[in-house]
Structure formats: structure tokens, C-alpha cells
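K.L.:
I'll drop the sequence and a predicted model, then ask my questions.
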Amino acid sequence: MDPRLALLSLVHVMLAGVGGWLIVIDARTHRLPNRIVLPTLAALIVLGAGDALVTGQSTAFLRALLGMVILGGFYAVLRGISRAGMGGGDVKLAAVIGFVLGWHGWQSLAIGAASAFVLGALYALVLILLRRAHGATRIAFGPWMIIGALLGIVLG
């Protein structure tokens, strides 16, 4: 097996583990802890830069950095518009997800970002129809962001 492919597989398995951990935490507490999200982002940037140096190809790394800025910036704007809607953890997680999806490609970024909102909205709609929630009910959005990212990677 190609060592780079093995390393990429290991990184994705570790990201799946971190994502699963964050889904559980956010669903229970409505928090995405900095102690998990920020080191994950830092590690991804270091790994992405290392990959660019080793392969001599910087395109994916630059696209990942742009994805991080674009998705993280979009969530920051949403947070600025309504602090009751997006939390700061969502903004930081969006930067992580933007980096990963951007590394995979623009189509992955678009699919992953859009999927999070569609899935979150469908979940909220089901809760409202079942009378378990109403328009002001807070819903953890991190799980939908992570599932959307997975869809972006798989379908993109």
C-alpha cells in the first residue's frame, strides 16, 4: 500500500473518531469544546502543509485553507447576525470542516456545507411535526455539520 494513502486513510479514520465524539458531546451539552476543535484544526493544517511539501503539490492545501476561511467566515457571519442561532463552537467547527472539505475539492465543500443545513432543517421539521419542539427550541447543529461533511466527502 502506498504510504501516503495509508496516512490519508489514518487521518480520515481519526477525523471520524473526533467527529463521533463531537456529535455525542454537542447532542448532550450543546457545546463543541475548544480543547477538541482547535487542536484538530491545528493538526489538520500541519498535516496539510506536510502533504503539500512532501508531494510538491500545494493546490489541495491552498484550496483547504480557502475552504476553511470561506466556511468558517460564513458561519461567523451567521453568528454575527444572530448570536442565539450559531454558537462559537459551530464557527470553529466550520473552519475544521471547511479545511477538510476544501482539501477534497470545491464540490465536496458545496455538498457538505449545504447538506448540514438541509439535514438540520429536516430534523427540526420532524421535531416540530411531532410536537417535540417549536420555533424557539435550540437544536445542536454540530452533528448535522459533521454528517454533512461526511456526505460531502463521500458524494463530492
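P.N.:
Yep, that arrived.
K.L.:
only C-alpha atoms from now on, for both contacts and neighbour counts.
P.N.:
Noted.
K.L.:
how near is I146 to S58?
P.N.:
Remark: distance between I146 and S58 (Cα to Cα, to the nearest Å) = 25 Å.
K.L.:
same drill for those two, tell me which one is more crowded.
P.N.:
More crowded of I146 and S58, by other Cα atoms under 10 Å: I146, with 25 against 16.
K.L.:
the more buried one against G19, yeah?
P.N.:
Yes: between I146 and G19 there is a contact at 6.2 Å, judged by Cα atoms under 8 Å.
K.L.:
excluding chain neighbours, what is closest to the residue most central in space within the chain?
P.N.:
Nearest to the mean C-alpha position of the chain, counting by Cα atoms, centre = their mean, stands I97 at 2.8 Å. Nearest residue to I97, sequence neighbours excluded (Cα to Cα, 6 or more residues apart in numbering): A149, at 6.4 Å.
K.L.:
surely that neighbour meets A113?
P.N.:
Yes: assessed by Cα under 8 Å, A149 is found in contact with A113 at 7.0 Å.
K.L.:
so for the two, which sits in the more crowded spot?
P.N.:
A direct count of neighbours by other Cα under 10 Å for A149 and A113 places A149 higher, at 28 against 23.
K.L.:
model confidence for the more buried one, exactly?
P.N.:
Here the pLDDT value assigned to A149 is 98.
K.L.:
pull the CA atoms of stretch 50-66 into CSV?
P.N.:
The C-alpha atoms that make up stretch 50-66 are tabulated as CSV, following Å, rounded to 0.1, in the frame of the first residue of the first chain:
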residue,chain,number,x,y,z
GLY,A,50,3.3,18.5,5.3
ASP,A,51,1.4,16.8,2.5
ALA,A,52,2.0,19.8,0.2
LEU,A,53,5.7,19.8,1.0
VAL,A,54,6.2,16.1,0.5
THR,A,55,4.2,15.8,-2.7
GLY,A,56,5.3,19.2,-4.1
GLN,A,57,1.7,20.0,-4.8
SER,A,58,0.2,22.9,-3.0
THR,A,59,-3.1,23.1,-4.8
ALA,A,60,-5.1,21.0,-2.4
PHE,A,61,-3.6,22.7,0.7
LEU,A,62,-4.4,26.2,-0.6
ARG,A,63,-7.9,25.1,-1.5
ALA,A,64,-8.2,23.7,2.0
LEU,A,65,-7.1,27.0,3.5
LEU,A,66,-9.6,28.8,1.4
